[in-house]
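Peer 1: sequence and predicted structure, then a few things I'm wondering about:
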Amino acid sequence: MKEEISQVLSRSKTDDWKKIKVDFGDSFLEIWVPTDCEILTMPSMPCLVDSGVEITNILNQPIGSPTISEIIFSKGIPLDDITVCITVSDITRPVPYKGEDGLLLPLLTLIEDTGVKKNNIVFVIGNGMHRHSTLEERIDMYGRQIVDNYRIIDHDSEDDKSMVLAAQTKRGTKVHLNKIFYESDVKIITGLVESHFMAGASGGRKGVCPALVNTKSIHFFHSVQVLEDPQATNLILDGNPCHEEALEVAKAVGIDFLINVILDRRFCGCTGGSPSCSL
């Protein structure tokens, strides 16, 4: 512990502090906090009885959108040739992707049942400026069945050759986007919706910007002029420059289908990894 921190703590009265648990990976850290600290959390939700069936049913009854199969057939492209790109979150987001109870296998079944070739489906990990994923992280996030049978790539915000100019926003930002995602015939984004300290809420358009854009665009997204705006805060969308910038990019790129989840306080409270979530 740094000496200056140790000195501050030595002068603090901590005898009546309370112990709490905070999430740390798949486990917890126990920390001590003052008694007047309030713990903000989400309510527990019952787990889905059969997540795979429930997810399939929901995907077949999307809100405000054609179904996956209708979207694919509407492209008018031979099924042997049509390409599908699915952007997924990295290890920093607890999205329930893997296994029979996760999002990806039911989604892939619907896609491939239309006749789309497995080799024409690619996953792009929306790293933003995060580091590339490891094999272990991919298996943990998406499952061995996905990792072994589908092409998965990490977005690299610093690799200009892997991107194309996709939009110029009203604020003057020239946005370069992941080329594989941009040029795919069917674009699907996935993610997690929760309160976000500057974008208002996560998920949705953030699966494109900042997840799949170049470093310069991400710098604006996190710039002082954006973050100092009083509207750039939790659960505010109207007039939020962070939200508006990301939404403008997503609309310019064109998204065919969106899958978002809302999680409870523990992501899953049941054995086997069934997501206790709403789609």
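Peer 2: On my side now, so go ahead.

Peer 1: pass me the low-pLDDT residue ranges in this structure, would you?
Peer 2: 1, 265-279 (pLDDT under 70).

Peer 1: off-centre distance for stretch 121-140?
Peer 2: Stretch 121-140 sits 11 Å away from the centroid of its parent chain (CA atoms, centre = their mean, to the nearest Å).

Peer 1: list the contacts of it.
Peer 2: For stretch 121-140, contacts defined as CB atoms under 8 Å, 6 or more residues apart in numbering pick out 83-92, 98, 108, 111-112, 141-142, 146-147, 150-157, 178, 180-181, 184, 189, 191, 207-208, 210-213, 215, 218. To be clear about C-beta, it is placed using only N, CA and C from the backbone, and glycine gets the same treatment.

Peer 1: per the record, what domains does the protein have?
Peer 2: Here the domain parsing of the chain from automatic domain parsing is 3-33, 51-278.

Peer 1: return the most buried member of the ones you listed.
Peer 2: Stretch with highest mean neighbour count among the domains of the chain: domain 51-278 (a mean of 18; mean count of other CB atoms under 10 Å).

Peer 1: any idea how far that one is from the chain center?
Peer 2: 6 Å.

Peer 1: ok, which stretches of the stretch 1-150 of the chain are strands?
Peer 2: Here the stretch 1-150 of the chain has its strands, by DSSP state E, counting those that start in this stretch, at 18-24, 27-33, 84-88, 121-125.

Peer 1: turn these into JSON lines, columns for distance to Ile68.
Peer 2: Output for these, formatted as JSON lines (distance: least, CB to CB, whole Å):
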{"stretch": "strand 18-24", "distance to Ile68": "33"}
{"stretch": "strand 27-33", "distance to Ile68": "36"}
{"stretch": "strand 84-88", "distance to Ile68": "9"}
{"stretch": "strand 121-125", "distance to Ile68": "12"}
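
Peer 1: of all these, which one is nearest Asp50?
Peer 2: strand 84-88 (22.7 Å; CB to CB).

Peer 1: quick one: contacts of the closest one?
Peer 2: Strand 84-88 has contacts (CB under 8 Å, 6+ apart) with 72, 95, 97, 104, 107, 111, 116, 120-126, 141-142, 155, 180-181, 184-190, 207-208, 211-212.

Peer 1: to Ser195, which of the strands of the stretch 1-150 of the chain lies closest?
Peer 2: strand 18-24 (15.6 Å).

Peer 1: so what touches the closest one?
Peer 2: Under CB under 8 Å, 6+ apart, the answer for strand 18-24 is 28-35, 37, 39.

Peer 1: just put these in JSON lines and tack on distance to Arg11.
Peer 2: Listed next are the contacts of strand 18-24 as JSON lines, based on distance: CB to CB, whole Å:
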{"residue": "Phe28", "distance to Arg11": "28"}
{"residue": "Leu29", "distance to Arg11": "24"}
{"residue": "Glu30", "distance to Arg11": "23"}
{"residue": "Ile31", "distance to Arg11": "19"}
{"residue": "Trp32", "distance to Arg11": "16"}
{"residue": "Val33", "distance to Arg11": "17"}
{"residue": "Pro34", "distance to Arg11": "14"}
{"residue": "Thr35", "distance to Arg11": "18"}
{"residue": "Cys37", "distance to Arg11": "19"}
{"residue": "Ile39", "distance to Arg11": "25"}
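
Peer 1: that older thread, helices - which of the contacts of strand 84-88 land there?
Peer 2: Using DSSP state H, the subset of the contacts of strand 84-88 located in helices is 72, 104, 107, 111, 141-142, 180-181.

Peer 1: with those residues in mind, which one is nearest to Val8?
Peer 2: Met141 (38.4 Å).
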